[in-house]
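Trainee: Quick check, what structure comes out for this input:
(one chain, ligands or ions: 1)
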Amino acid sequence: MAEGLVTHVEREGVDVGRAVEQWETYAQALRAHGWETIEVDPADDCPDSVFVEDTVVVFRNVALIARSGAESRRAETPGVEEAVASLGCSVTRVGEPGTLDGGDVLKVGDTVYVGRGGRTDAAGVRQVRAAFEPLGARVVAVPVAEVLHLKSAVTALPDGTVVGHVPRVDAPSLFPRFLPVPEAAGAHVVLLGGDGLLMAASAPRTAELFADLGYEPVPVDIGEFEKLEGCVTCLSVRLRELHA
Ligand SMILES: NC(=O)NCCC[C@H](N)C(=O)O
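Mentor: Numbering: from 1, shown residues only. Alright, predicted model coming up:
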């Protein structure tokens with residue numbers, strides 16, 4: 001992790017012991033909300049491989065294995081490919097020269113927003129369309145310049161409202177319902193089911209806002225991962241409705 005990529009932030013030393021504890025707490029929060037967790041085989045030569053969200057995008061039962069815009073991350077995919085295949089997904093891969101990081105893909109119902117930015121190029125966007133439109137997805141391309149990935153800027157609440165911290169969102173008007181949040185780290189929620197929203201502990205004011213809107217924020221400390229530009233979404237991939 002000491003060699004993990006940093007693009008928009010200053011490098012800070014990562015305490016690996018603490019990172020492991022934070023990862024355990026994160027996984028435990030998923031399980032406490034009824035999720036089964038499956039650990040992908042680690043790729044120990046890849047310093048960013050804990051950010052598993054970037055390696056795959058799943059829509060219905062099709063898993064699109066990413067080809068990262070960062071070369072150092074391209075060897076991360078075998079473990080995740082094996083994991084999704086063993087769960088019954090049909091696997092397809094982003095082909096050269098296209099690039100795609102899973103963190104650039106935000107699904108809201110059948111709408112699949114794809115960030116075109118530093119890690120995902122136009123060919124990558126086209127390959128998302130080719131993989132998922134035949135399954136009923138509507139793919140919407142979104143320019144991303146201010147942050148690493150689309151989902152560093154925005155995610156969505158259970159009712160589909162897109163949330164983001166305005167200074168980091170390139171084009172809020174692309175989203176039909178957009179709610180500004182007061183903290184950059186508040187833009188990241190993982191939907192736990194029901195009203196539960198897994199969030200970074202570093203966004204307490206946004207947690208208050210969401211609680212006031214009837215949600216149940218579940219804060220977790222992911223400070224060590226934030227040093228490498230990670231957020232709550234990037235440490236897992238949630239698989240639902242695999243056989244829909
Ligand atoms: N989806 C994500 O937010 N991924 C975070 C990736 C961080 C990693 N250090 C990277 O630059 O690729």
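
Trainee: Can you tell me the number of residues neighbouring the residue of the chain found nearest the ligand?
Mentor: Per CB to the nearest ligand atom, residue 103 is where the chain lies closest to the ligand, at 2.5 Å. Quick note: C-beta positions are derived from backbone N, CA and C, even for glycine. Using other CB atoms under 10 Å, residue 103 has 29 neighbouring residues.

Trainee: tell me the contacts of the spatially closest residue to it that is not a sequence neighbour?
Mentor: In space, and not counting its chain neighbours, residue 103 is closest to residue 149: 3.3 Å by CB to CB, 6 or more residues apart in numbering. By CB atoms under 8 Å, 6 or more residues apart in numbering, residue 149 lies in contact with 54, 101, 103-104, 115, 117, 119, 234.

Trainee: Any quick ChimeraX command for the buried ones out of the residues you listed?
Mentor: In ChimeraX, this line selects whichever of those come out buried by 16 or more other CB atoms under 10 Å:
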select :54,101,103,104,115,117,119,234
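
Trainee: tell me the two of the contacts of residue 149 that are most distant?
Mentor: 117 and 234 (14.8 Å; CB to CB).

Trainee: Output the longest helix belonging to the protein.
Mentor: In terms of residue count, the longest helix belonging to the chain (DSSP state H) is helix 16-32.

Trainee: Name the residues of that one that are buried.
Mentor: So helix 16-32, judged by 16+ other CB under 10 Å, has buried residues 19, 22-23, 26-27, 29-30.

Trainee: Go through those residues and name the one nearest residue 67.
Mentor: Looking across those and measuring by CB to CB, the closest to residue 67 is residue 23, at 25.0 Å.

Trainee: if I pick that closest one, what's in contact with it?
Mentor: Residue 23 touches 50, 225, 235, counting by CB under 8 Å, 6+ apart.

Trainee: Give me the subset of those lying in strands.
Mentor: With DSSP state E as the criterion, strands contain none of these.

Trainee: Can you add distance to residue 111 and give those residues back as JSON lines?
Mentor: Formatted as JSON lines, the contacts of residue 23 follow (distance: CB to CB, whole Å):
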{"residue": "50", "distance to residue 111": "28"}
{"residue": "225", "distance to residue 111": "27"}
{"residue": "235", "distance to residue 111": "24"}
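
Trainee: Which of those fall within helices?
Mentor: residue 225.

Trainee: restrict the contacts of residue 23 to contacts with the ligand.
Mentor: Taking CB under 6 Å from any ligand atom as the test, the ligand is in contact with none of the contacts of residue 23.

Trainee: As a markdown table, the contacts of residue 23 with pLDDT would be great.
Mentor: Formatted as a markdown table, those follow (pLDDT from 0 to 100):
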| residue | pLDDT |
| --- | --- |
| 50 | 98 |
| 225 | 98 |
| 235 | 98 |
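
Trainee: Can you tell me which of the contacts of residue 23 lies closest to residue 37?
Mentor: The closest of those, once distances to residue 37 are taken by CB to CB, is residue 235, at 10.6 Å.

Trainee: got the contact list for the closest residue in space to residue 209 that isn't next to it in sequence?
Mentor: Nearest residue to residue 209, sequence neighbours excluded (CB to CB, 6+ apart): residue 181, at 6.4 Å. By CB under 8 Å, 6+ apart, the residues touching residue 181 are 163-165, 187, 203, 206, 209.
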